[in-house]
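Participant: below are the sequence and a predicted model for it; my questions follow.
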Amino acid sequence: MKPKVSTSFSCVKTVESVYTGGQVEWFKDMAFTLARGAVNVVRKGEVISMLKEEEDQIISFTLAGSDTEVTVVTAHKSGLVRIWDCLVVEQPKVIRTFRSIHNGAISVLGLHTLSGSHSGTVLATGGTEGTVKVWDLTSQYFTHNFRTSSTVCSTLTFHPHKLLLYGGFSTGGLFCWDLTNSKLVQSMEAHFSVVTAFSITPCGLKGVSCGRDAVCVVWDLTSHSKVSTVPVFSPVEGMVMMDSLKVVLATGDKLAVWDLNTPAKISEAEMGCDVTSLRGQVDTLHCTTSDHNLLTISKTNLTVTGCTVGNNDEVLDLVLMGETNTHLAVACNSPAIRLYSRDTWNCVLATGHTDTVLCLATCPGDTSIMASGGKDKEVRVWRLEQDRLECLVVGSGHTEALGGLSWGAGLNQLVTVSKDTTLKVWSLDTSARSLASIRTEIAHEKDINCVSVSPDGGLIATGSQDKLAKLWSTDLGLVTVLRGHNRGVWCVRFSPVDRLVATGSADATIRLWALGEGGGSCVKTLEGHDTSVLRLDWVGGGQLVTSSSAGLVKVWWVARQECTATLDMGESKVWALATHLDSEGVLNITAGSGGGKISEYKDTTEEGEKDKQAEQDMIVVQHQKLNNLLQDKQWGKAVRLALKLSQ
């Protein structure tokens, strides 16, 4: 029987960078993010469309929408303003373009729909030169120009019931203008730093301003006089009005609910990282964090209900978790582990490490248990509990960052290696929540990059920058040294079927070593990569999947030493690799690259062979039809069919 060999794959899911800092607006289940001079429309962590103009970067935008229309207004580096119809969000189209007539760039925009006798849509634009301009988008003309002595405009708010416009500036200035007579109503002096938000109560009688001077100011909007100043003890980056003078503030790494009538802080919740902006919808809040995550938060108890990772930065490792591989745990350039649900691709952050997480490993006997290690020199063991990771135990003992970890036989043994050149065996007791180092050995002369335990638990393999791979017994006695690589060894993995161990090196080769009685000997060398082989994984005993620093993932037929498929992940290094067979026995490959990209590929060899066979059958039928036409002397039809068959 011919062994199953994978020759073609299709990409079924890609998670890429969708947000790298800057402005974000939300509408329904979509986030509109400003990234690399364009606006990405993001749903479930994936860019579904993009608002972009060639050679004219978007620098700020705003949006307003309903069930019947979605309008996005973008301000560009060239000074142009474009209005987009995004009702069919997959196909955004520009419906109008005009010049902003600002002397500088537009820093903030605001849309407002008027009601009553003054119906229509108006747009306010605030510039970096201290001016605010108002445009009637319905009648298509420029209506107001307001000048101030301030510099950059930071916030614009329309009064919900009156024709009034409020503008906050980076110098701390806050102004109110009357749109009926184009006059300044009041210069509302109270802040000494950037005004980051101005909100008005639903009744329209009072307003609240906040800024980076760590105070909130309550205003009477009838007389535009200051009612009270409330110190909140931390710079405020965003504010959402919940009801009458009850607000949610983004201060540092916390969201806090304040009652400004009392005044008093009612509750607060930590977001794990500094909050950079805050927006509100009917019953949810949305915020962005300094590590480029987009969080959805419940208004009632300030719990995080959803997370979209805006930028994974550099994916360093990933593993599949759960009985049926329902979750994907990702280590990237962050102390937090990202846990993706593979059904919805919603993400939850698991915090605990104090420095970058470098390596992950799931327990073969229980895939809901995972170990992690990082630059903080700690080993942590986690359990998957209802779409979240619960930290069971923490172990310390290494003096440098961890390079790799692997589970021994059963749940009670863990093996780790580190840049401190040591190999450690740990004893784990999950019920007592204890993790203790029971054996330590100086295993190599240089940094140790990887470790693997054989399926029967009897051997341990390590690979190091000293160009050597070594085999150890469970009591850390040296069994043999595998010599042959010309540069550092990045990855090592035992075959699940045969007595073989595979190693990948910076010399661009994969070597297979036989585990005989007299030690290991190299029996095969797979050559095909042009750069360092960073990760490898076995698929059964007949196939190997490897990744390289050139951004390529290759599938190998081991018996013939032949590369059967190559997947291109871009130009970034592919540090993370995981394979699994789904319920139908089809190979799936999940890979993560240094560019923050995570891709999932599915084996389509069988479908491809069926299509190829169907095509060949069709050609046979057409040839038979041609012969029949020739016998019947239907020369015209025969010539046309022969031309179609290239004969």
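Facilitator: Yep, that arrived.

Participant: pull out the buried positions in the helix or strand of the chain with the lowest mean pLDDT.
Facilitator: Among the helices and strands of the chain, helix 605-631 carries the lowest confidence by mean pLDDT, DSSP states H and E, at a mean of 77. By 16 or more other C-beta atoms under 10 Å, the buried positions in helix 605-631 come out as 605, 626, 629. For the C-beta atoms, the positions are set from N, CA and C on the backbone; glycine is no exception.

Participant: ok, those vs Ala565, which is closest?
Facilitator: Nearest to Ala565 among these is Thr605, at 8.3 Å by C-beta to C-beta.

Participant: list the buried residues for the helix or strand following the least confident helix or strand of the chain?
Facilitator: Using DSSP states H and E, the helix or strand that follows helix 605-631 in sequence is helix 635-644. Judged by neighbour count using 16+ other C-beta under 10 Å, the buried positions of helix 635-644 are 638, 641.

Participant: what about helix 635-644, average pLDDT?
Facilitator: Average pLDDT, helix 635-644: 80.

Participant: list the helices and strands that helix packs on?
Facilitator: With contacts defined as 3 or more C-beta pairs under 8 Å, 6 or more residues apart in numbering; DSSP states H and E, helix 635-644 has these neighbours: helix 605-631.

Participant: tell me the angle the helix it packs on makes with helix 635-644.
Facilitator: Orientation check (axes from the mean of the first three to the mean of the last three C-alpha atoms, to 10 degrees): helix 605-631 against helix 635-644 gives 150 degrees.

Participant: so how far is helix 605-631 off the chain centroid?
Facilitator: Distance, stretch centre to chain centre, for helix 605-631: 46 Å (C-alpha atoms, centre = their mean, to the nearest Å).

Participant: show me what that helix is packed against.
Facilitator: When contacts are defined as 3+ C-beta pairs under 8 Å, 6+ apart, helix 605-631 sits against helix 635-644.

Participant: the residue nearest to Val195 when sequence neighbours are not counted: helix or strand, and which one exactly?
Facilitator: Closest residue to Val195 apart from its sequence neighbours, by C-beta to C-beta, 6 or more residues apart in numbering: Gly168 at 2.9 Å. Using DSSP H and E, Gly168 sits within strand 164-169.

Participant: contacts for the helix or strand just after that strand, please.
Facilitator: Following strand 164-169 in sequence order, the next helix or strand is strand 174-178 (DSSP H and E). For strand 174-178, contacts defined as C-beta atoms under 8 Å, 6 or more residues apart in numbering pick out 132, 144, 146, 148, 163-169, 183-191, 195, 198, 209, 224.

Participant: which of the residues you listed count as buried?
Facilitator: Neighbour counting with 16+ other C-beta under 10 Å marks 132, 144, 146, 148, 163-169, 185-186, 188, 190-191, 195, 198, 209, 224 as buried within the contacts of strand 174-178.

Participant: shouldn't Thr344 be in contact with Lys44?
Facilitator: Yes - using C-beta atoms under 8 Å, Thr344 makes contact with Lys44 at a distance of 6.5 Å.

Participant: could you find the closest non-adjacent residue to the residue nearest the centre of the chain?
Facilitator: Nearest to the mean C-alpha position of the chain, by C-alpha atoms, centre = their mean, lies Val309 at 3.4 Å. Among residues not flanking Val309 along the chain, Cys347 sits closest, at 5.1 Å (C-beta to C-beta, 6+ apart).

Participant: isn't that neighbour right next to Leu339, touching?
Facilitator: Yes - the pair Cys347 and Leu339 passes the contact test of C-beta under 8 Å, sitting 6.7 Å apart.

Participant: extract the CA atoms of stretch 311-325 and return them as PDB.
Facilitator: Provided in PDB are the C-alpha atoms of stretch 311-325 (Å, rounded to 0.1, in the frame of the first residue of the first chain):
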ATOM      1  CA  ASN A 311      -0.500  42.900  16.500                       C
ATOM      2  CA  ASN A 312       1.300  39.700  17.500                       C
ATOM      3  CA  ASP A 313       4.600  41.400  16.800                       C
ATOM      4  CA  GLU A 314       6.800  38.200  16.600                       C
ATOM      5  CA  VAL A 315       5.300  34.800  17.100                       C
ATOM      6  CA  LEU A 316       7.800  32.700  19.000                       C
ATOM      7  CA  ASP A 317       5.900  29.500  19.700                       C
ATOM      8  CA  LEU A 318       2.500  28.000  19.500                       C
ATOM      9  CA  VAL A 319       0.700  24.800  20.600                       C
ATOM     10  CA  LEU A 320      -2.700  23.300  20.100                       C
ATOM     11  CA  MET A 321      -4.800  22.600  23.300                       C
ATOM     12  CA  GLY A 322      -7.900  20.700  24.200                       C
ATOM     13  CA  GLU A 323      -9.100  17.100  23.400                       C
ATOM     14  CA  THR A 324     -10.000  18.000  19.800                       C
ATOM     15  CA  ASN A 325      -7.500  20.900  19.400                       C
END
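
Participant: quick check: buried residues in that stretch?
Facilitator: For stretch 311-325, a neighbour-count test (16+ other C-beta under 10 Å) marks 311-322, 325 as buried.

Participant: please narrow those to those residing in helices.
Facilitator: Residues of the buried residues of stretch 311-325 located in helices (DSSP state H): none.

Participant: strands - which of these land there?
Facilitator: 315-321 (DSSP state E).

Participant: those residues into JSON lines, with extra columns for distance to Val555 and pLDDT?
Facilitator: Listed next are these as JSON lines, based on distance: C-beta to C-beta, whole Å; pLDDT from 0 to 100:
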{"residue": "Val315", "distance to Val555": "20", "pLDDT": "95"}
{"residue": "Leu316", "distance to Val555": "22", "pLDDT": "95"}
{"residue": "Asp317", "distance to Val555": "20", "pLDDT": "96"}
{"residue": "Leu318", "distance to Val555": "18", "pLDDT": "96"}
{"residue": "Val319", "distance to Val555": "20", "pLDDT": "97"}
{"residue": "Leu320", "distance to Val555": "18", "pLDDT": "96"}
{"residue": "Met321", "distance to Val555": "23", "pLDDT": "95"}
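
Participant: want to throw those into CSV with distance to Pro455?
Facilitator: Shown next, in CSV, are these (distance: C-beta to C-beta, whole Å):
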residue, distance to Pro455
Val315, 27
Leu316, 25
Asp317, 21
Leu318, 21
Val319, 17
Leu320, 18
Met321, 20
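
Participant: dump the residue contacts of the residue nearest to Leu174 when sequence neighbours are not counted.
Facilitator: With sequence-adjacent residues excluded and distances taken as C-beta to C-beta, 6+ apart, Leu174 is closest to Met188, at 4.2 Å. Applying C-beta under 8 Å, 6+ apart, we find Met188 in contact with 174-176, 209, 219, 224, 226.
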